[in-house]
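Colleague: Sharing a model prediction with you, sequence too.
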Amino acid sequence: MAGMLRTLLKSSAARHCGGRPVRAFPALRRFVSTADISSAKYSASCFPSTVGLRDLDTFPRRHLGPRPEDVSEMLKVVEAPDIETFVSNALPPKVLVKRALNIDPPQGLSESAMLRKLKEIASKNKVLRSYIGKGYYGTHMPAVIQRNIMENPAWYTSYTPYQAEVSQGRLEALLTFQTVIVDLTGLPVANASLLDEGTAAAEAMIMSFHHTRGKKRTFIVDKNTHEQTIAVIKSRANTLGLNLVVADLLSPEGISTLKASAKDLCGALVSYPGDNGEIPRITALQQIADTVHDSKGLFAVDADLLSLTLMHPPSTFGADIALGSAQRFGVPMGFGGPHAAFFAVREELKRKMPGRLVGISTDRLGKPALRLALQTREQHIRREKATSNICTAQALLANVAAAYAVYHGPEGLRDIARRVHGLAALLARAVEKNSSHKLLGDGIYFDTLRIQLSGESADQLMNRAVNTYGINLFKVNDSTVQLSLDETVTEKDLADLAELFTGNREIPDGVTDFPEFPPEWQRKDSILTNSVFHEHHSETAMLRFLYSLQQKDIALTTSMISLGSCTMKLNGTVEMLPITWPEFADLHPFVPRDQAQGYLQLIDELEHDLQQITGFAKTTLMPNSGAQGEYTGLSVIRQYHHHRGEPQRNVVLIPVSAHGTNPASAAMAGFKVVPVKCLENGSLDMADMEKQAKKNKDNLAAFMITYPTTYGLFEPGIRDAIDLTHKYGGQVYMDGANMNAQVGLTSPADLGADVCHLNLHKTFCIPHGGGGPGVGPICVAEHLKGFLPKHPLAETSNHDTTNAIDPVSSGPFGSASVLPISYAYIKLMGGENIPFSSVTAILNANYMLYRLKDAYKIQFIGSDDFKYCGHEFILDLRPFKKYHIEAIDVAKRLQDYGFHAPTMAFPIPDTLMVEPTESENLDELNRFVDSLLSIREEIRAVEEGKSEGLVLKNSPHPIEDLLQDDTVWSKRGYTREQAAYPLPYLKNFKTWPTVSRVDDVYGDTHLLCTCPPVSAYAE
């Protein structure tokens, strides 16, 4: 043991990072013991038979599916005598480290103790009335939506709706979201959400750049835009080498700047209303649009969604792109996120639009059906040629926003908007009438007032606001403050604000006499005319509407979802409870830090635990998706090389097996991608790795690899590849998408990497939400920690911002309100038990593999190189193509068995990649395996000429199909029972597909991306 420790420390201390020797990682210096992953420990620690004075509601036995007696049975199947022997054979000797994790408490907290701990932490957050604005506003999430979407596992445990036939409910909800955006912006096509407002604005710039085919590199942003939005745009402009100009576009000088930049101008962005609350005149906006269009550029408008219920839509003054945040449609501020951004474009730009797009197609029976449209635009297909690295969305929050619009309807939304504006107008009148303060601007605003103070400094007034009234405002400068009103403001709130500024609680004209929104700015068209926005305004109707949608979908509430590379594990209820507590949900991201001590404690402890798990020195939680984590980590590496005077290092080596986000993120970070070959057995081709590293030694920036690999393998040559990268001056980026197989067994730092990202929505239990939210923090070695991102309006975890990169997300801590989920998961498992999550995930996968290996070809497994897979394995269905049976047929047939298909056609075409996770028990594993074995017999019948395979080709079979008459069924060669109940368990419970197989080609060639609900298109 001691010898192994010395070897590890020596290799770590002596290795070169970018040509510079670095000290050993702190985690490795403290490496004095190993984790106990024995069968005896699994039984005693995770499934204790005697607990003494300990709480009875322990968590590991609830999180881990197989009980000790099940594990014994599974070990026999995989031909291993015990857990430790199995793990020693599954992980290569140079990889298996088992470094003990210094995570408190070692045995984990009980569920009741965890809730007490979280209540204690939450109590340290001071939830005052925050009128800071800046893109974050108070809102009321209707209780029927909170309980039946936000807190409902049928919604939050589903996956991205790639399997359309068992995803019609949330596809309809997302189509409703798109319809809201299309109606309010006036543009004909909207996507199904983006990560946040700042990211959406950056995507508008990137889209504008690619619209000119990369020939024009100047993008101009109006200075009256939120600081964090400009900063995120700047981050992307920097890595792509674009020229970002911030100017007063609403002035004559701004128009001159646009004209002077015409030869290199790819686009411009204006906020509507502006950061200071002013609403630009339509004629001024049209002039900007005309000037940009004269240069063949794109005009983007960052709009406030609630204000668009009253104001002219961006389409009326020439916008090509409209974007913004849907946060104030019922989604709490949550200390910065997650929130759904929106993004809408002109018709001719739809194929270049980033993000996911829901469209209407038809199914096998000719019935309208929804699907994700134009998927060939997505980064996992386009790879380094992608124009965006967006891999996910904010589906759960988009569904909340859509439901908010459905519940309130067009008039309800306009009433909210009128009230918000009226409250702001009443306060403005009070300030003008009863104080010597001065309202800045021309008096045309929606909800935001900027006030120049008289007789009192900004600090003095803000201290008075907090200490006397419990109110937060935004400080513009020493003599100016700003505030934004919202739907939560009450009569008392308005009186308190009036008294704060004037010393008088009187509200002119009374609170029922709201000033009207100025007619010149009022939109004249009807909005949200589709029937869905008019039929569900009672709670009973809304409840039934939401329930009808959830019944159409497979989620973890109905069956396991064995998507390879997606880690669909348990999202424990005790982990989920805190995210809607007001102490976490209602905090503005820019409050003074003494009001957010609970969040800061939780973030500090979570970062510490993630550093323990990865072995690294520092963490940032800012990235709000895995792809954002990739971009952030690569940007840190880029900044590191630039700081060392080696800006020419612009080549990233990436294995050909990598997920498409890797090359897409590298391209977004300004790197050139050089692929590295893999051998036929799935291993990295070290000869090609050496060749490419040596060839690019002067320009090598990084080597980017997922571990275990995207083939589900513990690559034995990983250390050699890492050492080779360091030898030629590069940094090593480890993609943490498969971290669920590493925790407590090995780690990126133990293996010698320099940076990794983690998917908290995979390994650390944040739910996938039907396609978001996600959190993609990065952890870095000591020499990189000073480069982690900063934020213009709030302190982040990186206190030394001298060399820090610009922010990658709008919020300083990204999607902060879902961080309690991952925090709770780690604390509930404890440092000694959490390695068993990885152990069990690997065992579950190999148990399934060994039961299936005689029926299906398992890619890469069974050779001398690999006896076991990692936490996932690949079913190779290519041998069946000669019988006209393809992977899609098996995937769709699984829906008839009540299952969501595994990952299809990734990382190898015509395969299925299976990842069961640690949370599935033996019964569920067997049910899935039995289903696949049953399908194999259906294929065998085709091989032997006993069947034409129509039961596979026609799958899935919705009830409507079963109800067709005998003249149809007599020609099929199989019975209704074979179609719908191929195994006995299905007669007890089954989630039915509500449409038959969806026609992808028709959906893309007849693109329709707004609702009403599908039933309205039946004609």
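Modeller: Nice, I can see it. Not measured: the values here are computed from a predicted model.
Colleague: Could you pull out the buried residues of stretch 695-707?
Modeller: Asn696, Asn699, Leu700, Ala701, Ala702, Phe703, Met704, Ile705, Thr706, Tyr707 (16 or more other CB atoms under 10 Å). To be clear about C-beta, it is placed using only N, CA and C from the backbone, and glycine gets the same treatment.
Colleague: and the residue lying closest to the second one once chain neighbours are set aside, bridged to which residues?
Modeller: What that stands for is Asn699. Leaving aside its sequence neighbours, Asn699 sits nearest to Val651 (CB to CB, 6 or more residues apart in numbering; 4.6 Å). On the basis of DSSP bridges, Val651 is bridged to Lys672, Leu700.
Colleague: got the contact list for Val651?
Modeller: Val651 sits next to Phe671, Lys672, Val674, Asn696, Asn699, Leu700, Ala701 when contact means CB atoms under 8 Å, 6 or more residues apart in numbering.
Colleague: and if we set it to 10 Å?
Modeller: Shown in contact with Val651 (CB atoms under 10 Å, 6 or more residues apart in numbering): 666, 671-674, 692-693, 695-703, 728, 730.
Colleague: Equivalent analysis for Leu600, please.
Modeller: Leu600 neighbours (CB under 10 Å, 6+ apart): Ile121, Lys124, Asn125, Phe335, Arg593, Asp594, Glu795, Ser797, Phe813.
Colleague: Hmm, the fifth one is touching Thr796, no?
Modeller: No. The pair Arg593 and Thr796 fails to qualify as a contact (CB atoms under 10 Å) at a distance of 11.0 Å.
Colleague: So between these two, which is more surrounded?
Modeller: Between Arg593 and Thr796, counted using other CB atoms under 10 Å, the more crowded position is Thr796 (20 against 11).
Colleague: didn't the more buried one look like it was pressed against Asp806?
Modeller: No. Using CB under 10 Å, Thr796 is not in contact with Asp806; the gap is 11.4 Å.
Colleague: nearest residue to Arg346 other than its sequence neighbours?
Modeller: Excluding the flanking residues, the one nearest Arg346 by CB to CB, 6+ apart is Asp320, at 5.3 Å.
Colleague: hang on, the one you found packs against Val292?
Modeller: Yes. With contacts counted by CB under 10 Å, Asp320 reaches Val292, the gap being 8.3 Å.
Colleague: Neighbour count for those two, which is higher?
Modeller: Just comparing Asp320 and Val292: by other CB under 10 Å the higher neighbour count belongs to Val292, 28 against 25.
Colleague: separation between that one and Met205?
Modeller: 13 Å (CB to CB, to the nearest Å).
Colleague: shared neighbours of the two, anything?
Modeller: With CB under 10 Å, 6+ apart, Val292 and Met205 have common neighbours Ile220, Cys266, Gly267, Ala268, Leu269, Leu298, Ala300.
Colleague: hang on, the earlier thing: overlap in contacts, Thr796 and Asp806.
Modeller: Residues touching both Thr796 and Asp806 (CB under 10 Å, 6+ apart) are Pro789, Lys790.
Colleague: Now Asp930: which helix or strand?
Modeller: Using DSSP states H and E, Asp930 sits in helix 922-943.
Colleague: what's the spacing between that helix and its chain's center?
Modeller: Helix 922-943 has its C-alpha centroid displaced from the chain centroid by 33 Å (CA atoms, centre = their mean, to the nearest Å).
Colleague: Sort out which residues of the following helix or strand past it are buried, please.
Modeller: Where DSSP H and E defines the elements, the next helix or strand beyond helix 922-943 is helix 950-953. For helix 950-953, burial by neighbour count (16+ other CB under 10 Å) applies to Val951, Leu952, Lys953.
Colleague: From the rest of the structure, what touches helix 950-953?
Modeller: The set of residues external to helix 950-953 that reach it, using CB under 10 Å, 6+ apart, is 364, 880, 883-886, 888-890, 892-893, 896, 935, 938-939, 941-942, 957, 971-975, 978-979, 982, 997.
Colleague: Tell me which other helices or strands the helix or strand following that helix touches.
Modeller: For helix 950-953, the following helix or strand on the C-terminal side (DSSP H and E) is helix 959-962. If you count contacts as 3 or more CB pairs under 10 Å, 6 or more residues apart in numbering; DSSP states H and E, helix 959-962 packs onto helix 966-969, helix 976-980.
Colleague: What ranges in the stretch 451-600 of the chain fall below the confidence cut-off?
Modeller: 508-512 (pLDDT under 70).
Colleague: Let's see that with 80 instead.
Modeller: Scanning the stretch 451-600 of the chain for pLDDT under 80 picks out 507-513.
Colleague: Could you pull out the buried residues of the host helix or strand of Ala402?
Modeller: Element membership for Ala402 (DSSP H and E) is helix 395-434. Buried residues in helix 395-434, counted by 16+ other CB under 10 Å: 395-410, 412-414, 416-431, 434.
Colleague: would you say Leu483 is within a strand?
Modeller: Yes. Assessed by DSSP: H, G, I helix; E, B strand; the rest coil, Leu483 belongs to a strand.
Colleague: Please give me every residue in contact with it.
Modeller: Contacts of Leu483 (CB under 10 Å, 6+ apart): 130-133, 277, 424, 427, 447-451, 465, 471-474, 497, 500-501.
Colleague: Next step: those residues restricted to strands.
Modeller: Among those, DSSP state E puts Ser130, Thr448, Leu449, Arg450, Ile451, Ile471, Asn472, Phe474 in strands.
Colleague: Can you give me the distance of the nearest residue to Arg236 once chain neighbours are set aside to Ser810?
Modeller: For Arg236, ignoring the flanking residues on the chain, the nearest one in space by CB to CB, 6+ apart is Ala202 at 4.1 Å. Going from Ala202 to Ser810 by CB to CB gives 10 Å.
Colleague: who touches both of these two?
Modeller: In contact with both Ala202 and Ser810: Leu195, Asp196, Thr229, Ala231, Val232, using CB under 10 Å, 6+ apart.
Colleague: Just among those, which is most surrounded?
Modeller: Leu195 (35 neighbours).
Colleague: Looking at it now. What's its pLDDT?
Modeller: pLDDT recorded at Leu195 is 96.
Colleague: Distance from the chain centre to stretch 658-678, please.
Modeller: Remark: stretch 658-678 is offset 20 Å from the chain centroid, using CA atoms, centre = their mean.
Colleague: Any buried residues in it, and which?
Modeller: For stretch 658-678, the neighbour count (16+ other CB under 10 Å) marks 658-671, 673-676, 678 as buried.
Colleague: Narrow these to those in helices?
Modeller: Under the assignment DSSP state H, the buried residues of stretch 658-678 contribute Thr661, Asn662, Pro663, Ala664, Ser665, Ala666, Ala667, Met668 to helices.
Colleague: Could you single out the nearest of those to Pro902?
Modeller: Thr661 (19.1 Å; CB to CB).
Colleague: Which pLDDT value goes with the closest one?
Modeller: 87.
Colleague: ok, Lys117 - contacts?
Modeller: Counting by CB under 10 Å, 6+ apart, Lys117 makes contact with Leu109, Leu602, Tyr823, Ala824, Lys827, Leu828.
Colleague: got the contact list for the most centrally placed residue in the chain?
Modeller: Nearest residue to the geometric centre of the chain (CA atoms, centre = their mean): Gly774, 2.8 Å. Contact analysis of Gly774 by CB under 10 Å, 6+ apart lists 195, 338, 391-394, 623-629, 759-762, 766-768, 814-815, 818.
Colleague: Now do it against Thr567, distance only.
Modeller: 11 Å.
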